[in-house]
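>>> Quick one, structure for this:
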Amino acid sequence: MAKSNSEKNDATIKARIAEKLDGWANMLTGWGTQGIDRSVDNTLQRSLLLTEEENRNLYRTDFGAKIVNRPVDDMIKNWFDITNDTDGDINKFLLDVLNAQEIFKGGLTWGNVFGGSIVVMLIDDGTTGPDALEQPLNEANIKSIKGLKVYDRWRATWQSGSDLYEEPTDPKFGQPKYYRITPLEPVPIVQFRVHESRVLRFDGPLTDDRVRSENNWWNDSIYQKGFKALGQLEQTYFATSSIIDDFIQSVLKIENLQNLVASGQEDVVKKRMQILDLSKHTIHTMLIDAKEQYEKSASSVSGLPELMQEFQQRVAGTYNIPMTLFMGRSPGGMNATGASDITLYYDEIGNQQRLQMLKPAQRLVYLTMLAKEGPTKGVIIENWKIVFNPIGEPTEKEIAETRKLHSDTDKNHVEMGSLDPNEVRKSHFGGSEYSNEILVEGELEQPEPPPEPQPLPKADENEPTEIVGDPVAQGGVTSTVDGHKHDYMISDKIRGTGKTSLGGLGETKHIHEIVNFTVQPYHGVNGTAHNHDLPTSEPVEEIDPFRG
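Okay, the predicted model is just below:
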């Protein structure tokens, strides 16, 4: 018996549901079933790898340039400080002589556009000859740094084998030992090699090894991840331009138009249209036949701004650039300022500085200090490090709050003795502008350790422990303990044995302890103890009277 179409469909649905390993599905409606529910028929396709020319053309567009230039400019605009470079001589050399800020901009820019770039350092280390750049840098003999030159990844290549570190135990295994530079300048040199020790490398966005192998071991272009979003945004603007071109359409209804065209009188119709357009532009009066009709039709742009903003937001979100910076537009919504977006953006820029900029900067600063004709004359500054300056410009309120925080902190340190007031004043206000850093001069004075306790002298075994009569008259001392006055004679035997001193005026004997040669109250010996907290004396149990 043949199955009905309904039974066949049910069997197909059951079979397709059985193929699913997980997820929700509905056998009756077909929801969640491939071939029936279109939402589950989506497949993830690999995007095409952008070529050198495509990346170059993207950078030449307005949005393509903005998503690269904005972050790079923010990364380098406030540069960095070098700790313990008191007079800033190293940075003066980097910025004024080597033009390092502009060079780093080029390295970061082409690293993002093409997936990588290098900066060749032209260093005089005594190596000469046509292959001088191929020799490993002699750091012990650096005389000067003459300049820096940027090349993008398409100008810097290598060949497998001879140009790579091939020893698996080498930390640089698989990395280039030599870069082959193909310059575009109009020079007779077609290609030259540079040893990697003479190179600063800038990589693009992080890419897995499989893709890097296809990129000749460079990273992806920054455009690779947002290519579709950029294309859709460009298409949106193109479509909007077309809508504006056709925003108002003029319509002329001509009687018997179809027959005129059918009989080959198109020229009559065209001439009529020309007369109509001419009259609009000259006398601004429409001349039409009694049987003709003229009207205008306008296209609707309702919802178009909101739709365009969604495409803009997608691109801005893909590249972590706030709309206020990407489009120069304030965020929408009640009480919206975009301040939180800006803060997150600056945090991301700081992260990119550490990932893309810090390592090349550290290498360049280190080699600059090694240069015998450099700013430090070949001396490495102790405990130096690179500190990136704040990216955003603080408001006056933020500046005041920061200085108030510094003031409170400095006050605590001065009171504790860890800072000198003159150090605070000189550090904050000694330069041309306020400084956040505190420079401590000299070493902090260490407190002297307390003296070690001295052993008690040996006592005379025959000396009595109880003083009879007036202790003061016999050379004793008067001691006031807990507001109560007692006279004592502290003998050598008492010092040596650590026993309590018995003595005093009146009928009641006062029992006290000798601790570090000082009379102290004590309430724990045999006999009757004088307790200053009680109105009368009371007996106590016998215990060891020595406590110090």
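
>>> And the one helix or strand residue 412 maps to, what does it pack against?
Using DSSP states H and E, residue 412 falls within helix 396-416. With contacts taken as 3 or more Cβ pairs under 8 Å, 6 or more residues apart in numbering; DSSP states H and E, helix 396-416 sits against helix 421-429. For glycine as for every other residue, the C-beta is placed from the backbone atoms N, C-alpha and C.

>>> close enough to count as contact, residue 116 and residue 206?
No - using Cβ atoms under 8 Å, residue 116 is not in contact with residue 206; the gap is 11.5 Å.

>>> Show me which of these two is the more surrounded one.
residue 116 (26 against 9; other Cβ atoms under 10 Å).

>>> and the more buried one, what does it touch?
110, 152-153, 156, 201-204, 218-219 (Cβ atoms under 8 Å, 6 or more residues apart in numbering).

>>> rerun that using 10 Å as the cut-off
Listed by Cβ atoms under 10 Å, 6 or more residues apart in numbering, the contact partners of residue 116 are 107, 110, 152-154, 156, 201-204, 207, 212, 215-221.

>>> ditto for residue 126
Residue 126 neighbours (Cβ under 10 Å, 6+ apart): 132, 135, 138, 140-143.

>>> if we go to 6 Å?
residue 141 (Cβ atoms under 6 Å, 6 or more residues apart in numbering).

>>> Please indicate which of the contacts of residue 116 are buried?
107, 110, 152-154, 156, 201-204, 207, 212, 215, 217-221 (16 or more other Cβ atoms under 10 Å).

>>> my hunch is that residue 261 is in a helix, does that hold up?
Yes - counting by DSSP: H, G, I helix; E, B strand; the rest coil, residue 261 is part of a helix.

>>> Going forward, the N-terminal residue is numbered 687.
Right, with 687 as the first residue, what we last looked at is residue 947.

>>> What sits closest to it if chain neighbours are left out?
residue 955 (6.7 Å; Cβ to Cβ, 6 or more residues apart in numbering).

>>> Is the one you found in a helix, a strand, or coil?
Criterion first, three-state DSSP; result for residue 955: helix.

>>> Tell me how far it lies from residue 929.
Remark: distance between residue 955 and residue 929 (Cβ to Cβ, to the nearest Å) = 27 Å.

>>> Equivalent analysis for residue 771, please.
For residue 771, the distance to residue 929 - Cβ to Cβ - is 58 Å.

>>> Those two: which has the busier surroundings?
Using other Cβ under 10 Å, the more surrounded residue of residue 771 and residue 929 is residue 771, with 17 against 12.

>>> host element of that one?
Applying DSSP H and E, one finds residue 771 in no helix or strand.

>>> and it, what pLDDT?
At residue 771, the model reports a pLDDT of 93.

>>> same thing with residue 1132?
61.

>>> now do the one 4 residues further on
The predicted local confidence for residue 1136 comes out at a pLDDT of 69.

>>> list the helices and strands the longest helix along the chain packs on?
The longest helix of the chain (DSSP state H) is helix 909-931. Based on contacts counted as 3 or more Cβ pairs under 6 Å, 6 or more residues apart in numbering; DSSP states H and E, the elements that helix 909-931 packs against are helix 990-1004.

>>> Enumerate the positions of the helix it packs on that are buried.
For helix 990-1004, burial by neighbour count (16+ other Cβ under 10 Å) applies to 994-995, 997-999, 1001-1002, 1004.

>>> Would you mind giving the domain segments of the protein?
691-726, 1080-1129, 1142-1234 (automatic domain parsing).

>>> any idea how far the second one is from the chain center?
This means domain 1080-1129. 25 Å (Cα atoms, centre = their mean, to the nearest Å).

>>> what's around the closest residue to residue 941 other than its chain neighbours, how many residues?
In space, and not counting its chain neighbours, residue 941 is closest to residue 977: 4.4 Å by Cβ to Cβ, 6+ apart. Counted with other Cβ under 10 Å, the neighbours of residue 977 add up to 9.

>>> okay but residue 977 is in contact with residue 942, surely?
No - Residue 977 is beyond contact range of residue 942, at 8.7 Å (criterion: Cβ atoms under 6 Å).

>>> any idea which helix or strand carries residue 980?
strand 979-984.

>>> Look at residue 927 and say how many residues are nearby.
Residues within reach of residue 927, counting by other Cβ under 10 Å, total 9.

>>> Residue 1031 too?
Look at residue 1031: counted by other Cβ under 10 Å, it has 23 neighbours.

>>> and it, which of the three is it?
Reduced to three states by three-state DSSP, residue 1031 is helix.

>>> which one is residue 1004 nearest to, not counting chain neighbours?
In space, residue 1004 is closest to residue 912, 4.2 Å off (Cβ to Cβ, 6+ apart).

>>> scratch that, residue 1124
residue 1113 is the one closest to residue 1124 (Cβ to Cβ, 6+ apart), at 4.6 Å.

>>> Kindly report the same for residue 769.
Using Cβ to Cβ, 6+ apart, the closest residue to residue 769 is residue 1071 (5.2 Å).

>>> Next one: the one you found relative to residue 764, how far apart?
Counting by Cβ to Cβ - residue 1071 and residue 764 are separated by 17 Å.

>>> now swap in residue 1120 and tell me
Counting by Cβ to Cβ - residue 1120 and residue 764 are separated by 16 Å.

>>> and stretch 795-811, how far apart are its ends?
29 Å (Cα to Cα, to the nearest Å).

>>> ok now it, how far from the chain's centre?
22 Å.

>>> what's the answer for stretch 757-769, then?
12 Å.

>>> Over to stretch 993-1000?
Distance, centroid of stretch 993-1000 to centroid of chain: 27 Å (Cα atoms, centre = their mean).

>>> now stretch 712-721
On Cα atoms, centre = their mean, the centre of stretch 712-721 falls 47 Å from the chain's centre.

>>> buried set for it?
So stretch 712-721, judged by 16+ other Cβ under 10 Å, has buried residues 716, 718-720.

>>> For these, could you give me JSON lines that also reports pLDDT and distance to residue 863?
Formatted as JSON lines, the buried residues of stretch 712-721 follow (pLDDT from 0 to 100; distance: Cβ to Cβ, whole Å):
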{"residue": "716", "pLDDT": "72", "distance to residue 863": "60"}
{"residue": "718", "pLDDT": "72", "distance to residue 863": "54"}
{"residue": "719", "pLDDT": "74", "distance to residue 863": "56"}
{"residue": "720", "pLDDT": "72", "distance to residue 863": "51"}
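
>>> can you put those in TSV and add secondary structure and distance to residue 1098?
Below are these laid out as TSV (DSSP: H, G, I helix; E, B strand; the rest coil; distance: Cβ to Cβ, whole Å):
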residue	secondary structure	distance to residue 1098
716	coil	71
718	coil	64
719	coil	69
720	coil	68
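
>>> ok, so of those, who is nearest residue 924?
For the buried residues of stretch 712-721, the residue nearest residue 924 by Cβ to Cβ is residue 720; the value is 35.0 Å.

>>> thinking again about what came up before, of all the buried residues of helix 990-1004, which comes closest to residue 743?
With Cβ to Cβ as the yardstick, the closest approach to residue 743 among those comes from residue 1001, at 16.8 Å.

>>> That closest one: what's it in contact with?
Counting by Cβ under 6 Å, 6+ apart, the residues that residue 1001 touches are 915, 919.

>>> 10 Å instead, please
749, 752-753, 912, 915-920, 1007, 1009, 1012-1013.

>>> Now the buried members of the residues you listed.
Of the contacts of residue 1001, these count as buried by 16+ other Cβ under 10 Å: 749, 752-753, 912, 915-916, 919-920, 1007, 1009, 1012-1013.
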